[in-house]
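K.L.:
Attaching a predicted model along with its sequence, questions to come.
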Amino acid sequence: MSFQCDAGLGLKLLYDQVTTGTTKLAVFGSSCSVVTQQMARITPYYNLIQLSYLSSSPTLNSRDDYSTLYRTYPSETSISLARLELCRRYNWKKIAIISESLHVCSKTAQIMSQLAKAKKLEILAITEFGDREDPLQALKIIKKMKARIIMGGFTSTSALKVFCRAYHLNLTTPKYVWMIKGWFNSNWWKLDQENITVGNVSCTQAQINQAIDGYFSNDGLQIYDQPLDTVSGLTPQEWNKLYNQEMAQKPLKHAIDDYGSFAYDGIWSLALMLDRSISYLKRQNLTLEGFRYKSNQSIVYRNTFQNILDHLKFKGITGPVSFHDGDRLGKITIKRFINQRNVIIGQFDDKTSNTTWNNSTDIDWKTQGNSVPTDWRTITITNLNVSEMVYMIVMIHVGLVFATSCILMAIYFYYRKEPPIATSNIILDLFMGFGTLLCLSYVGFLCLENGIVDPNNKILAFLCTFRSWLLAVGFSITLGCIFANSWSTYRSLSGRSYRLRKIKKSHSYGIAMSIFIFNIILCSLRATVDQVEIFNDTIWSQRQIQSDGDIFVLQVRICRFSKYIVWDAVIFGINGIILLFGAITAWQAQRIDITNSNYVRYLAITAYNLIISTSVAVTMSIVIVERPTVRFVLISFFIILSSLSTNCLTYLPKIHQMVKDRKGIRRKSFLITTGRSKTLSMVDEHAEFNLYNVETRKQQLLSKLENEIKDLTTKITEKDAVIERISKYINDFMKKYVGEEINLDPSSITEGDESKDISLLREAGLIAL
Ligand SMILES: NCCCC(=O)O
């Protein structure tokens, strides 16, 4: 038996068989549809039953054209249905078809296209290439149409050319899925030579191996998978063992050696047909030996044979054998090429149209996350997340600042009765610190949606809402305390003639509380009329379109209030104005602070710091959305910096002063004496602090006056010395020229003496008038 797929040769052999030798009762073959097709057009004229064991062309389904043809191998129509089952399983809705211009292939492509359309699949391209041609153009069309699921209809010889071209066009796994014929001979991909050349490209065996990796194929079930007692008395497995032993000893030259079982069942079909026909024919006084191609009885023989085959049912090596209009009904295997061998992953039963999948065979798609390849070009969206390393580094800094702040607050609280801490509004200062701790905690939640919490987790929306409250509460506490502190300090210092004003603590708390409540009302309003939503912001500006049509875009997940711009503008705008006002009052207070103490100045700096940090952080949170890591680092930086500076400027100078005082390197002792403490107990701590400042200033002024007196005394002494010298000179002069001494001692001069002495001096020319 030849396997050359040469229709002419097939017809010649048929003619030879019919015209020479003994009369034949049936024709067995061919394996090749193109030959079978030609023969099957002729055999009815000789009333010959023809049985093909491998021809699968859907053309051969036609009973009108091929009325005496039977097949033990399933038709490509059934095989196409099995392929569509594969598409259904993996939700592939777009396919491309490439076929060789052989009738069996192009007809299959046509049938496939019709079946696919009926199943609502979209056919992106149907291309064909000549059996001796380069498939490059056909493949280029498929690539251009962005198809990913390719159904190939070609012989094994052309398959090597197709896959070599596919390798160079990158039409290979894991992105592309190939479904090809399942009836190729075993080891069809192994090259005879080192390379295969197709047009201007060539492929090595390794490249071919890579290109064909993971292809799917469909085929008739060769060896029934159950231990069936077949008509021959052998189980399919026993038969297969014997067959393999035989094949090992006598390999066939053009063997489609895996298909011996179909030939075996074909021979059994004919044998059973002939065997069962004997009794039928006998009833009509006919014998098998009496068959002639063309006689009056020939049609009786033919009808008898066909009738038997049409109702034939037996257990064959390939499973239960029966025919429907000459076609074999049975099981179609769905195979995947894994590690250089075909592995059955499912079976389609074309009698019942049911598919059973072998779930133990997990498919390694070789894709990212082993996802099933898509049927068209993909839009790959990459979520930009904050780097874990960056997050850890920032959180370490948050932790350090958090711990530092807690330590400062603890020391501050512990020494709350020691000056100068005792003269501060400790509760406001500590609440300010508490506010900064809440703001620091907010940093930990800052990139919740950027890789910290699974976006599908329902808790994300809750955490985002919690985050917004955390910042609002922390910020408003800090802001309220800073404003209350600066305002009360300003008021206490701005009294006329430095007279102390009594600023009750309750007023300061009231201010801080009012700001806090105002912010809580605003945030509650926001939570009532708006809601947190998680959405993906696609950064189209950074998309990349690959040569195969795949699109890569970056996306940032954002979790915030839908009208966040309005809310941010309102909340931070109003608070910003309050903070600015606080900073201005603190600055004014430090200008009129007669003590030259730095505490008020630090308060002003804290308020300004907070204004700058908040403005920058809020602006960045809105503007730098496309770079979550940069956004996270910058916002965190400003929150950490402002929290640290607020706490350091609030607590450190006073703690430092207290330590200095405790070591005895103190400045003037605290002027609030025991004698005044009774009176002072009636003023609040702020007033005490300012009293202390005024007393200090008095001391400074007193010291300055003493110095001035000293200077003046020195100057008087100097003048006295000059006057004494002049007096002595005048007396000497008077003695010498006038002969009379004058009394120049002012204390001894009487009114009469004075005029006398003055006239003497005038005469002497010592004074002008
Ligand atoms: N079915 C295997 C041989 C190909 C053909 O039908 O021609």
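P.N.:
Alright, I've got the coordinates.
K.L.:
closest point of the stretch 151-300 of the chain to the ligand, which residue?
P.N.:
Taking C-beta to the nearest ligand atom, the ligand has its nearest neighbour within the stretch 151-300 of the chain at Trp183, 3.9 Å off. Heads up, the C-betas are built off the backbone N, CA and C, glycines and all.
K.L.:
part of a strand, is that residue?
P.N.:
No - assigned with DSSP: H, G, I helix; E, B strand; the rest coil, Trp183 falls outside any strand and is coil.
K.L.:
so how many other residues sit close to it?
P.N.:
By other C-beta atoms under 10 Å, 25 other residues sit near Trp183.
K.L.:
any idea which element Thr478 lies in?
P.N.:
Using DSSP states H and E, Thr478 falls within helix 459-493.
K.L.:
Show me what that helix is packed against.
P.N.:
helix 426-445, helix 505-529, strand 532-545, strand 551-561, helix 564-592, helix 599-623, helix 685-737 (3 or more C-beta pairs under 8 Å, 6 or more residues apart in numbering; DSSP states H and E).
K.L.:
What average pLDDT does the shortest one get?
P.N.:
Mean pLDDT, strand 551-561: 85.
K.L.:
Show me what that strand is packed against.
P.N.:
In terms of contacts (3+ C-beta pairs under 8 Å, 6+ apart), strand 551-561 is packed against strand 379-383, helix 459-493, strand 532-545.
K.L.:
which ones are touching Asn61?
P.N.:
75, 77, 325-327 (C-beta atoms under 8 Å, 6 or more residues apart in numbering).
K.L.:
Quickly note the distance from it to the ligand.
P.N.:
In this view, Asn61 and the ligand are 12 Å apart by C-beta to the nearest ligand atom, to the nearest Å.
K.L.:
separation between whichever residue of the stretch 401-550 of the chain sits closest to the ligand and Met432?
P.N.:
Proximity of the stretch 401-550 of the chain to the ligand (C-beta to the nearest ligand atom) peaks at Asp548, 31.7 Å away. According to C-beta to C-beta, to the nearest Å, Asp548 stands 59 Å off from Met432.
K.L.:
What of Ala118?
P.N.:
With distances taken as C-beta to C-beta, Ala118 is found 75 Å from Met432.
K.L.:
Which of the contacts of Asn61 sits closest to the ligand?
P.N.:
The closest of those to the ligand turns out to be Ser75 (C-beta to the nearest ligand atom; 9.2 Å).
K.L.:
If the nearest residue to the closest one once chain neighbours are set aside is in a bridge, with which residues?
P.N.:
Leaving out its chain neighbours, the residue that sits closest to Ser75 by C-beta to C-beta, 6 or more residues apart in numbering is Asp327, at 5.0 Å. Beta-bridge partners for Asp327, by DSSP bridges, are His324.
K.L.:
tally of neighbours for Leu437?
P.N.:
By other C-beta under 10 Å, 19 other residues sit near Leu437.
K.L.:
hang on, isn't it packed against Thr404?
P.N.:
No - in terms of C-beta atoms under 8 Å, Leu437 does not count as a neighbour of Thr404; the distance is 10.8 Å.
K.L.:
what's the pLDDT at Ser643?
P.N.:
92.
K.L.:
What does the pLDDT read for the residue of the stretch 301-450 of the chain found nearest the ligand?
P.N.:
Closest residue of the stretch 301-450 of the chain to the ligand, C-beta to the nearest ligand atom: Arg328 (11.5 Å). With respect to pLDDT, Arg328 scores 93.
K.L.:
Tell me how far Ala26 lies from Gly182.
P.N.:
Taken as C-beta to C-beta, the span from Ala26 to Gly182 is 27 Å.
K.L.:
Neighbour count: the two, which is higher?
P.N.:
Counted by other C-beta under 10 Å, Ala26 and Gly182 do not tie: Gly182 has more neighbours, with 22 against 19.
K.L.:
where exactly do the helices run in the stretch 51-200 of the chain?
P.N.:
76-89, 103-118, 136-144, 156-168 (DSSP state H, counting those that start in this stretch).
K.L.:
Okay, buried residues for the second one please.
P.N.:
I take that to be helix 103-118. 104-113, 115-116 (16 or more other C-beta atoms under 10 Å).
K.L.:
helices and strands around the strand or helix carrying Val659, which ones?
P.N.:
Assigned by DSSP H and E, Val659 belongs to helix 628-662. Packing contacts for helix 628-662, counted by 3+ C-beta pairs under 8 Å, 6+ apart, involve helix 388-414, helix 426-445, helix 599-623.
K.L.:
hey, which of those is tucked in deepest?
P.N.:
helix 426-445 (a mean of 21; mean count of other C-beta atoms under 10 Å).
K.L.:
contacts for the helix or strand hosting Thr36?
P.N.:
Here Thr36, judged by DSSP H and E, is contained in helix 33-42. The contact list for helix 33-42, computed with C-beta under 8 Å, 6+ apart, reads 5-7, 9-11, 14, 27, 29-30, 50, 52, 55-57, 59-60, 65-66, 68-69, 102-104.
K.L.:
how far out from the middle of the chain is it?
P.N.:
59 Å (C-alpha atoms, centre = their mean, to the nearest Å).
K.L.:
can you pull the contacts of the closest residue to Arg627 other than its chain neighbours?
P.N.:
The spatially closest residue to Arg627, leaving aside those adjacent along the chain, is Leu384, at 7.5 Å (C-beta to C-beta, 6+ apart). Contact analysis of Leu384 by C-beta under 8 Å, 6+ apart lists 450, 539, 554-556, 626-629.
K.L.:
In ChimeraX, how would I select the buried members of those?
P.N.:
Paste this into ChimeraX to select the buried members of the contacts of Leu384, with burial taken from 16+ other C-beta under 10 Å:
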select :450,539,554,555,556,626,627,628,629
